[in-house]
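Trainee: with the input below, show me the fold.
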Amino acid sequence: MGNNMSWFKRENGEQPSGAPGAQNAAPDAARSVRTEGLWIKCLGCRQIIFKADLEANLNVCPKCQHHFKLSARRRIELLLEPGYELVDTGLRSTDPLNFSDVKPYKQRLLKAQQETGLDDAILNAAGYLGPHAVVLSAMEYAFIGGSMGAVVGETIARAVDRARAARVPLIVVAASGGARMMEGVVSLMQMAKISTALAQLDDARVPYICVLTDPTTGGVTASFAMLGDLNIAEPGALIGFAGPRVIEQTIRQKLPEGFQRAEFLLEKGFLDAVVHRKDLKPYLIRALEFLRPPAA
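Mentor: Numbers count the residues shown, from 1 in each chain. Just a heads-up that it's a prediction; the model follows:
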């Protein structure tokens with residue numbers, strides 16, 4: 001019996017060819033590899049979704065309509081007509097504070113750049129949205145939480161200046177955790193910088209539309225995300241300045257359910273519309289018809 005059961009004692013975890021189930025091990029492993037990454041759990045209804053179905057539905061859950069995050073590149077592809085041009089590229093943070101916490105800020109930047117293929121948490125594009133020439137600036141949440149540092153601020157400011165010079169509407173798709181703490185006061189200065197540029201755009205009577213997606217928080221909400229001629233959001237988007245716990249501790253009151261969600265903000269007049277992702281492009285095209293800037 002000892003000889004027959006000797007295969008139980010192998011230390012490398014492998015089964016001999018004669019072991020029960022050994023013939024099924026390889027197919028099971030292969031099946032696991034083939035199916036890995038093909039399914040995803042919805043954050044809304046907690047149902048398992050076939051990833052291909054999710055992507056075909058614009059990254060919106062076909063069961064509960066939960067809106068998953070989209071990359072900046074995908075946002076641009078969905079909104080602009082083919083032939084658009086990426087502009088204002090090549091800007092990278094210089095780590096002005098030589099900041100380090102758990103790891104150096106330079107390492108965080110390098111990792112984010114490698115994972116996203118972007119220089120920072122923003123992409124500018126010039127092209128057409130339907131028949132309308134526009135400048136589109138889309139934020140990338142996967143890049144250090146879409147946080148706004150000097151590069152994001154400068155890139156959006158350049159988008160504003162580009163729209164004003166060409167007298168074409170500006171559209172910003174916001175997705176951010178707020179100001180980038182690793183750049184200290186430099187990141188906070190971007191709030192005033194972009195807001196000042198937008199005031200000049202308003203003086204020139206060039207339309208500005210902001211699309212707030214999940215999440216849009218902190219200094220981004222406190223500056224350019226709420227300054228649009230039209231402020232619209234995707235369903236269920238988290239939008240706010242400080243977190244619920246901080247607010248409750250400050251005002252010493254219990255906050256209403258969903259008070260920082262897009263639907264609640266629309267009800268209270270902070271937003272002009274909440275628009276499903278599949279309807280966003282035609283909605284923007286129609287809005288631009290009403291907001292068409294006057295001739296120079």
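Trainee: remind me which residues of this protein are low pLDDT?
Mentor: Scanning the chain for pLDDT under 70 picks out 1-36, 293-296.
Trainee: just the helices in it please.
Mentor: Counting by DSSP state H, the chain has helices at residues 22-35, 51-56, 72-79, 105-116, 150-166, 184-203, 218-221, 244-251, 262-267, 277-290.
Trainee: same list (those helices) but as JSON lines, adding distance to C42 and mean neighbour count.
Mentor: All C-beta spots, glycine's among them, are computed from the backbone N, C-alpha and C. JSON lines is the format used below for these (distance: least, C-beta to C-beta, whole Å; neighbours: other C-beta atoms under 10 Å):
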{"stretch": "helix 22-35", "distance to C42": "18", "mean neighbour count": "10"}
{"stretch": "helix 51-56", "distance to C42": "8", "mean neighbour count": "13"}
{"stretch": "helix 72-79", "distance to C42": "18", "mean neighbour count": "19"}
{"stretch": "helix 105-116", "distance to C42": "23", "mean neighbour count": "15"}
{"stretch": "helix 150-166", "distance to C42": "30", "mean neighbour count": "22"}
{"stretch": "helix 184-203", "distance to C42": "33", "mean neighbour count": "17"}
{"stretch": "helix 218-221", "distance to C42": "26", "mean neighbour count": "25"}
{"stretch": "helix 244-251", "distance to C42": "23", "mean neighbour count": "11"}
{"stretch": "helix 262-267", "distance to C42": "18", "mean neighbour count": "18"}
{"stretch": "helix 277-290", "distance to C42": "15", "mean neighbour count": "16"}
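Trainee: out of those helices, which comes closest to S137?
Mentor: S137 lies closest to helix 150-166 among the helices of the chain, at 4.2 Å (C-beta to C-beta).
Trainee: who does the closest one touch, helix- and strand-wise?
Mentor: Counting contacts by 3 or more C-beta pairs under 8 Å, 6 or more residues apart in numbering; DSSP states H and E, helix 150-166 packs against strand 122-129, strand 132-139, strand 170-176, helix 184-203.
Trainee: save the ones you listed as a markdown table, and put in distance to T221 too.
Mentor: Putting the helices and strands packed on helix 150-166 into a markdown table (distance: least, C-beta to C-beta, whole Å) gives the following:
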| stretch | distance to T221 |
| --- | --- |
| strand 122-129 | 16 |
| strand 132-139 | 12 |
| strand 170-176 | 8 |
| helix 184-203 | 10 |
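Trainee: could you tell me how far Q47 is located from D214?
Mentor: Relative to D214, Q47 is positioned 19 Å away (C-beta to C-beta, to the nearest Å).
Trainee: more neighbours, the two?
Mentor: Neighbours were counted for Q47 and for D214 using other C-beta atoms under 10 Å; D214 has more, 22 against 13.
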